[in-house]
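In: mind folding the following:
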Amino acid sequence: MPDRSEGNRRIYSLEQINELRKFLADRRPSQATSFDPQRRDGDKMQVVAIANFKGGCAKTTTALHLAQFLALQGLRVLAIDLDTQASLTEMLGVQPVLEVGDNETVFSVLRYDEERRTLPEVIRPTYFAGLDIVPGQSELQYFDYETPAAIVSNNFLGDEYFIRRLATSLRSVEDKYDVVVIDAPPQLSYLTLNAVYAATGLIIPVQSAMIDVASMNQFLYMLDEMLEQMAHFGASVDHDFLRFLLTRHVPHDVPQVNIAALLRSLFGESVLTSAVLETTAITNAGLENKTLYELERGAVSRDTYIRAIEAVNAANKEIYGEILKVWGRK
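Out: Next up, the predicted model:
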């Protein structure tokens, strides 16, 4: 039974809402996907990688809010933290230094020796219903150290080829999740290449500043060069969608508005219509190790919160819409 507030209003948990979704989907089969959007037979699991070179472009914040937003829609979501800083891990309630031991990150799934583990072994539930995580910590860097020797050895081919290892491991959880959200490291490493190769969709957060655009341009150029080489060796990449997301945007800042217009003129519909605003609401939430979806009333002014949550929701809805298109629902 739902709890009741002081005003005698019912308060439903996300688990209870998901139960209601399934109940309504069973009672109204013709509208089932409207109530319960989880994957059906024939829908492929979506893997959304959030990647860019530039630090400070809100990459982890984007991944975190997207993962929680999709879980709030009723989807089964797996977040994978590939960043050695492990900010996503910490924001989802796992302390990287204290609670993530050796061989408990995705490195254990990608490594090349007999200590390799399966992906289900390193997945952990989070406090957020419908959202699990593969945590990160500093041991992730070992994959970049070990991969050159593995390539030279020529012992790891086919599905075990270095760029295919994450994609191969994700097959073992296809029956458990609808969407995987990957927080890639802020450099073009072997881990980033694994994320990009495994992804069905790529989101590139970029701030409306010339230095950020220049960094993004370098990222795209180097990524294109690397993927072209990979395709030459039979590891071609085919994304269902690639979108740029304007982050930390100040809509009344003329230089930012001009750069945003430039990006839209260059990339057209590949730039999401909605931009995530620069706001104290996200900053204050981060200071409390929370997201906008968890921020308590009164932490920021009502107007500030509304502007922030509307911007984040609008961007996430667009990405969700891309997923639904792939599933043939929109």
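In: contacts only, for Leu110.
Out: Listed by CB atoms under 8 Å, 6 or more residues apart in numbering, the contact set of Leu110 reads 116, 143, 165-166, 169, 191, 194. For the C-beta atoms, the positions are set from N, CA and C on the backbone; glycine is no exception.
In: of the residues you listed, just the buried ones, ChimeraX syntax please.
Out: Buried residues within these, by 16 or more other CB atoms under 10 Å, are selected in ChimeraX with:
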select :143,165,166,169,191,194
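In: make JSON lines from the contacts of Leu110 and add pLDDT, secondary structure and distance to Leu262 to it.
Out: Conversion of those to JSON lines gives the following (pLDDT from 0 to 100; DSSP: H, G, I helix; E, B strand; the rest coil; distance: CB to CB, whole Å):
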{"residue": "Arg116", "pLDDT": "96", "secondary structure": "coil", "distance to Leu262": "46"}
{"residue": "Phe143", "pLDDT": "97", "secondary structure": "helix", "distance to Leu262": "36"}
{"residue": "Arg165", "pLDDT": "96", "secondary structure": "helix", "distance to Leu262": "37"}
{"residue": "Leu166", "pLDDT": "97", "secondary structure": "helix", "distance to Leu262": "34"}
{"residue": "Ser169", "pLDDT": "97", "secondary structure": "helix", "distance to Leu262": "39"}
{"residue": "Leu191", "pLDDT": "95", "secondary structure": "helix", "distance to Leu262": "31"}
{"residue": "Asn194", "pLDDT": "94", "secondary structure": "helix", "distance to Leu262": "32"}
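In: biggest separation within the contacts of Leu110, which pair?
Out: Arg116 and Leu191 (15.7 Å; CB to CB).
In: which parts of this structure are strands?
Out: Taking DSSP state E as the criterion, the chain carries its strands at 3-4, 10-11, 46-50, 77-81, 124-125, 131-134, 179-183, 201-207, 241-247.
In: can you add mean neighbour count and give those back as a markdown table?
Out: Below are the strands of the chain laid out as a markdown table (neighbours: other CB atoms under 10 Å):
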| stretch | mean neighbour count |
| --- | --- |
| strand 3-4 | 10 |
| strand 10-11 | 10 |
| strand 46-50 | 27 |
| strand 77-81 | 28 |
| strand 124-125 | 14 |
| strand 131-134 | 24 |
| strand 179-183 | 29 |
| strand 201-207 | 25 |
| strand 241-247 | 22 |
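In: mind checking which of the ones you listed is nearest Ser108?
Out: The nearest among the strands of the chain, by CB to CB, is strand 131-134 at 9.4 Å.
In: partner strands of the closest one and their direction?
Out: strand 77-81 (parallel), strand 124-125 (antiparallel) (DSSP bridges).
In: my guess is Asn194 contacts Thr168, does it?
Out: No. Applying CB atoms under 8 Å, one finds Asn194 not in contact with Thr168, separated by 9.8 Å.
In: for the strands paired with strand 131-134, give me a markdown table that also has mean pLDDT.
Out: Shown next, in a markdown table, are those (pLDDT from 0 to 100):
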| stretch | mean pLDDT |
| --- | --- |
| strand 77-81 | 98 |
| strand 124-125 | 97 |
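In: what's the closest of the ones you listed to Leu202?
Out: Distance to Leu202, taken as CB to CB, is lowest for strand 77-81 among the strands paired with strand 131-134, at 14.4 Å.
In: okay, stretch 22-30 in CSV with CA atoms only?
Out: Taking Å, rounded to 0.1, in the frame of the first residue of the first chain, the C-alpha atoms of stretch 22-30 are listed here in CSV:
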residue,chain,number,x,y,z
LYS,A,22,2.6,-3.7,-15.6
PHE,A,23,-0.9,-4.2,-14.2
LEU,A,24,-2.4,-1.6,-16.7
ALA,A,25,-0.3,-3.1,-19.6
ASP,A,26,-1.8,-6.5,-18.9
ARG,A,27,-5.3,-5.1,-18.6
ARG,A,28,-5.0,-3.1,-21.9
PRO,A,29,-2.9,-5.0,-24.3
SER,A,30,-3.5,-2.6,-27.2
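In: so what touches that stretch?
Out: 31-33, 35-36.
In: repeat that for 10 Å
Out: Stretch 22-30 has contacts (CB atoms under 10 Å, 6 or more residues apart in numbering) with 31-38, 74.
In: same question for stretch 115-124.
Out: 78-80, 89, 92-94, 99-100, 102-111, 132-135, 165-166, 168-173, 176-177.
In: for Leu202, give me its contacts.
Out: 47-51, 182, 184, 195-196, 223, 237, 239-244.
In: quick check: domain ranges of this protein?
Out: With domains defined by automatic domain parsing, the chain comprises 1-36, 44-326.
In: in terms of mean pLDDT, which of those domains ranks lowest?
Out: Least confidently modelled of those is domain 1-36, at a mean of 84 by mean pLDDT.
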